[in-house]
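A.B. asks: sequence-free structure coming up:
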Ligand code: ARG
């Protein structure tokens, strides 16, 4: 079909209303299944558009639109494949942009908290969605590989580090050292002093200090890369804070040349953000010993990325605790005269409470992944229907990840939520396990019947309310993508996919393929194929790999 549903409806309406179709397209939306009674499939949100016309023509138009849309939707799903919904008129006037998405950004040595898992999956989703919409996306992992914590870590390693432990289990060992040295530093001011000195040596480029740091970094990144591989996530650029060591000094010079730096009584150097010059609101950009801070490096990174990528939008995915930090960074960029500061956006998210493994507190992403996998394997073993799987480990990991991602994406990103292993793994109800289960079931239906009946398919056979609901729901996919693209919240897609799966479960029970006349069987098979395809598309956008067996 050359033109989409909304355009066909808009064309028809435009004749009745004597308005150009373009002005009508965005007012037309598919009626959600939950609200649908025996009325039209599409609704016009601006009622007044129809006010002047008599009731009859309205009904005619809606009726025509309904038949047109339902007939076409399956064909469109097949034709557009993984682009279904993305080719919609809703996106046709969308300018293609250069978008930088910075996400994950764990801190080497500092405790890995669940926030990094959230940043990782949310950032991946945003990057996937933007890319699917045709934008040019650059994925950056801004590793926390610099800063005072390396002063502490370097000092700590010299005091109680072990070479063999560093080799065999770097993240764990560095973390243990970091915990210990932090404890010492609170009681012993001398340790704090040593840490400051170590970081100062790093900042000044001392080769010995740098080579120790380099090893910490290399070993940690190696481990992280393995983990991202398990998650199916990649980055175009790994550039940590350390990369901006020298560039931070350049930024400080630049700030100075613009007359924006002031010294506090303690000797720290700050930028005044109050706008009144009374230093009631400041951001520290240099310590009294000349070393840079988190904010200084973020300034340098933003400027460097603008030079390198000339982005239209840059999105930072980081927990809501960093809101003030990003506000300050963006404001400083503005004060420095960079009007592109407005293109920078922080996407904040809330805290996950109660994510504990059986071993105790979660410390590393890997522990979470292993826990997800082992719990899922156990779950699968207890389900009688579990088929003989070629690679149960891999399936468990995929289903488990789907479970974690859906639990995380169901609500508004900004809200905190209570993590519950039991809720995550329910196979019924609104979980990722249910989505994977539905997908696998539809796969096996296709396997059973192959493409046997598809040639006989006659869409006119899909008259049962269950089929109509599904067709109706499939019509809405583009609107849901549109919503998520507007507010960057995955929840719209999640609830859409859950509804789709519930509809599919009902249809699976009531709409037999086996023993039906060929044209009915073909039409039903076609319908189920379309559901599976849209389900898979949506899951992939969310960062989930659909499984065909479980
Ligand atoms: N590494 C930081 C942390 O874990 C997050 C980095 C966020 N991004 C940024 N450009 N500051 O707290």
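C.D. replies: Noted; the coordinates are in hand. None of the values given here were measured: they were computed from a predicted structure.
A.B. asks: So which bits of this structure are right by the ligand?
C.D. replies: Within the chain, the residues that sit near the ligand (C-beta under 6 Å from any ligand atom) are 102, 105, 107, 142, 144, 298, 316, 318. No exception for glycine: its C-beta is placed from N, CA and C like everyone else's.
A.B. asks: how much space between the closest residue to the second one other than its chain neighbours and residue 254?
C.D. replies: Right, residue 105. Excluding the flanking residues, the one nearest residue 105 by C-beta to C-beta, 6 or more residues apart in numbering is residue 142, at 4.4 Å. Distance, residue 142 to residue 254, using C-beta to C-beta, to the nearest Å: 21 Å.
A.B. asks: neighbour count winner among those two?
C.D. replies: residue 142 (24 against 15; other C-beta atoms under 10 Å).
A.B. asks: residues contacting the more buried one?
C.D. replies: 102, 105, 239, 240, 241, 301 (C-beta atoms under 8 Å, 6 or more residues apart in numbering).
A.B. asks: just checking, the third one touches residue 139?
C.D. replies: Meaning residue 239. No: between residue 239 and residue 139 there is no contact, the gap being 11.4 Å when judged by C-beta atoms under 8 Å.
A.B. asks: show me what contacts whichever residue of the stretch 201-350 of the chain sits closest to the ligand?
C.D. replies: As assessed by C-beta to the nearest ligand atom, the ligand sits closest to residue 318 within the stretch 201-350 of the chain, at 4.0 Å. Applying C-beta under 8 Å, 6+ apart to residue 318 gives the contacts 105, 119, 326, 346, 347, 348.
A.B. asks: Nearest residue to the fourth one in space, ignoring adjacent ones along the chain?
C.D. replies: Nearest residue to residue 346, sequence neighbours excluded (C-beta to C-beta, 6+ apart): residue 326, at 3.9 Å.
A.B. asks: For the one you found, what is the enclosing helix or strand?
C.D. replies: helix 323-335 (DSSP states H and E).
A.B. asks: same for that helix, what does it pack against?
C.D. replies: strand 282-286, helix 294-309, strand 344-347 (3 or more C-beta pairs under 8 Å, 6 or more residues apart in numbering; DSSP states H and E).
A.B. asks: make it 7 Å
C.D. replies: helix 294-309, strand 344-347 (3 or more C-beta pairs under 7 Å, 6 or more residues apart in numbering; DSSP states H and E).
A.B. asks: so where's this structure shaky on pLDDT?
C.D. replies: 1-3, 35-40, 45-70, 109-113, 357-364, 384-387, 451-452, 454 (pLDDT under 70).
A.B. asks: give me that answer again for 50
C.D. replies: 1-2, 48, 51-54 (pLDDT under 50).
A.B. asks: Need phi/psi at residue 276.
C.D. replies: phi -110, psi -10 (degrees, to the nearest 10).
A.B. asks: Run a quick neighbour tally on it.
C.D. replies: Residues near residue 276, counting by other C-beta under 10 Å: 9.
A.B. asks: Now for it: which residues touch it?
C.D. replies: Taking C-beta atoms under 7 Å, 6 or more residues apart in numbering as the contact definition, residue 276 lies against nothing.
A.B. asks: same thing with residue 400?
C.D. replies: 372, 373, 375, 376.
A.B. asks: Show me which of these is closest to residue 128.
C.D. replies: residue 372 (20.3 Å; C-beta to C-beta).
A.B. asks: Spit out the contact partners of the closest one.
C.D. replies: Residue 372 neighbours (C-beta under 7 Å, 6+ apart): 400, 401, 404.
A.B. asks: Can you give me the buried ones in the strand or helix carrying it?
C.D. replies: If you go by DSSP H and E, residue 372 is part of helix 365-382. For helix 365-382, a neighbour-count test (16 or more other C-beta atoms under 10 Å) marks 365-377, 379-380 as buried.
A.B. asks: One more: stretch 245-259?
C.D. replies: Result for stretch 245-259 [16+ other C-beta under 10 Å]: buried residues 245, 247, 248, 249, 251, 252, 255.
A.B. asks: Once you drop chain neighbours, what's closest to the fourth one?
C.D. replies: Computed as C-beta to C-beta, 6+ apart, the closest residue to residue 249 that is not its neighbour in sequence is residue 292, at 7.2 Å.
A.B. asks: before we move on, what about the last one?
C.D. replies: Spatially, and ignoring its direct neighbours in sequence, residue 255 is nearest to residue 261 (5.2 Å; C-beta to C-beta, 6+ apart).
A.B. asks: which residues does that neighbour bridge with?
C.D. replies: Using DSSP bridges, the beta-bridge partners of residue 261 come out as residue 271.
A.B. asks: Tell me how many other residues surround it.
C.D. replies: 17.
A.B. asks: cool, and residue 294?
C.D. replies: By other C-beta under 10 Å, neighbour count at residue 294 equals 16.
A.B. asks: Backbone dihedrals for the closest residue to it other than its chain neighbours, please?
C.D. replies: With sequence-adjacent residues excluded and distances taken as C-beta to C-beta, 6+ apart, residue 294 is closest to residue 147, at 6.3 Å. Backbone torsions of residue 147, given as degrees, to the nearest 10, read phi 120, psi 180.
A.B. asks: filter the contacts of residue 142 to the buried ones?
C.D. replies: Those of those that meet the buried threshold are 102, 105, 239, 240, 241, 301, by 16+ other C-beta under 10 Å.
A.B. asks: would the second one count as being in a helix?
C.D. replies: Meaning residue 105. No: under DSSP: H, G, I helix; E, B strand; the rest coil, residue 105 sits outside any helix and is assigned coil.
A.B. asks: just to revisit the earlier point, for the residue nearest to residue 294, grab the count of nearby residues.
C.D. replies: 22.
A.B. asks: now residue 208
C.D. replies: Other residues close to residue 208 by other C-beta under 10 Å number 9.
A.B. asks: Now it: which helix or strand?
C.D. replies: helix 207-231.
A.B. asks: now residue 138
C.D. replies: Judged by DSSP H and E, residue 138 forms part of strand 136-141.
A.B. asks: Now do the following helix or strand past that strand and helix 294-309, the angle between them.
C.D. replies: Next along the chain after strand 136-141, taking DSSP H and E as the criterion, comes helix 148-160. On the basis of axes from the mean of the first three to the mean of the last three C-alpha atoms, to 10 degrees, helix 148-160 is oriented at 120 degrees to helix 294-309.
A.B. asks: which helices and strands does helix 148-160 pack with?
C.D. replies: helix 170-187, helix 189-203, helix 207-231.
A.B. asks: Give me the contact list for the second one.
C.D. replies: If I follow you right, that is helix 189-203. 148, 150-152, 154-155, 181, 184-185, 209-210, 213, 245, 289, 291-292.
A.B. asks: Find out how far it is from the centre of the chain, if you would.
C.D. replies: Its chain's C-alpha centre and that of helix 189-203 lie 38 Å apart, by C-alpha atoms, centre = their mean, to the nearest Å.
A.B. asks: can you check the longest one too?
C.D. replies: Relative to the centre of its chain, helix 207-231 is centred 24 Å away, using C-alpha atoms, centre = their mean.
A.B. asks: who's in contact with the helix or strand that that helix is followed by?
C.D. replies: Sequence order places strand 237-238 as the next helix or strand after helix 207-231, per DSSP H and E. Contacts of strand 237-238 with the rest of the structure, by C-beta under 7 Å, 6+ apart, involve 138, 140, 141, 143, 221.
A.B. asks: In terms of distance to residue 235, which of those ranks first?
C.D. replies: residue 141 (4.4 Å).
A.B. asks: thinking again about what came up before, is it true that the residue nearest to residue 249 touches residue 247?
C.D. replies: No: judged on C-beta atoms under 7 Å, residue 292 makes no contact with residue 247 at a distance of 9.4 Å.
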